[in-house]
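> I need the structure of the sequence given here:
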Amino acid sequence: MKEAYRKDFELVKRAVGGDQFAFGIIVRQFEGLVAKTVMGMLGNTQEAEDTGQEVFIRFYRSMSQYKGDSALGTYLTRIAINLSLNALKKQKTHKTNDLSKMEYQLSGEDITESVDNREVIENALAQLEPEFRSVVVLRLVEGYSTKETAELLKLPLGTVLSRLSRAQNKMKALLKKEFTH
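Numbers count the residues shown, from 1 in each chain. Alright, predicted model coming up:
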């Protein structure tokens, strides 16, 4: 176990032992990260709020399985991604994502200068398939490296790069179409 993960592991160990205060610390420490991940995938919806809560319920039920071989934030992000993808699969239509506090970088272009532009980006992101959206959210919204994104999604690095490229190209085409009308 890496020394950097020992503190997380010890906190989880206390929670597994019945220390409710320790579990409360975990929730407070990571609720923002989980909310950001879930909202990036599902938008600012009741579904996202419910999914965020479900992340901690699932973690609570299975926290004894956490072995400290990755950061606890990474572990919880993985749960959040899985539950968000499951929620997206259940939805018949993809809801618009709330990007009011998020800025995207598409090949260095800053296209989030106004609320109107953000709405256009929300719509473009909502049109991406979940497997592409998850890469965009992790890489461009949350700022994970390409390698970290690959690890979180349990995908080969090449697949992440390909999906990111395809997602950016699709979003650029959608945005170009929107801005030329």
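
> From here on, just use CA atoms for contacts and neighbour counts.
Will do.

> all helices of the protein, in order?
3-16, 20-42, 46-62, 72-90, 115-126, 130-136, 146-153, 157-179 (DSSP state H).

> what's around the closest residue in space to M171 that isn't next to it in sequence, how many residues?
Nearest non-adjacent residue to M171, counting by CA to CA, 6 or more residues apart in numbering: A124, 5.7 Å away. Using other CA atoms under 10 Å, A124 is surrounded by 20 other residues.

> who's in contact with A124?
A124 makes contacts with M171, L174, L175, as judged by CA atoms under 8 Å, 6 or more residues apart in numbering.

> So which of these is the closest to L88?
Distances from L88 to the contacts of A124, taken as CA to CA, are shortest for M171 (18.9 Å).

> What residues does the closest one make contact with?
I121, A124, L125, L128.

> could you point out where the chain is predicted with low confidence?
Along the chain, the model assigns pLDDT under 70 to residues 1, 91-118, 181.

> Domains of it: list them as residue ranges, please.
Using automatic domain parsing, the domain parsing of the chain gives 1-95, 99-181.

> returning to that earlier point: highest mean neighbour count out of the helices of the chain?
When these are scored by mean count of other CA atoms under 10 Å, the highest mean neighbour count falls to helix 130-136 (a mean of 22).

> contacting residues for the residue nearest the centre of the chain?
The residue lying closest to the centre of the chain (CA atoms, centre = their mean) is T37, at 2.9 Å. The contact partners of T37, taken as CA under 8 Å, 6+ apart, are T77, A80, I81, V137, L138, E142.

> with the residues you listed in mind, which one is nearest to T51?
Among the contacts of T37, and counting by CA to CA, the member closest to T51 is A80, at 7.5 Å.

> quick one: contacts for the closest residue in space to L128 that isn't next to it in sequence?
Among residues not flanking L128 along the chain, A167 sits closest, at 7.0 Å (CA to CA, 6+ apart). Residues in contact with A167 (CA under 8 Å, 6+ apart) are L128, F132, R133, V136.

> ok, A167 to L85 distance?
Distance, A167 to L85, by CA to CA, to the nearest Å: 17 Å.

> Ok, S134 next?
S134 sits 8 Å away from L85, taking CA to CA as the criterion.

> Same check on K13?
Taking CA to CA, one finds K13 at 29 Å from L85.

> L155 now?
L155 is 15 Å from L85, where distance means CA to CA.
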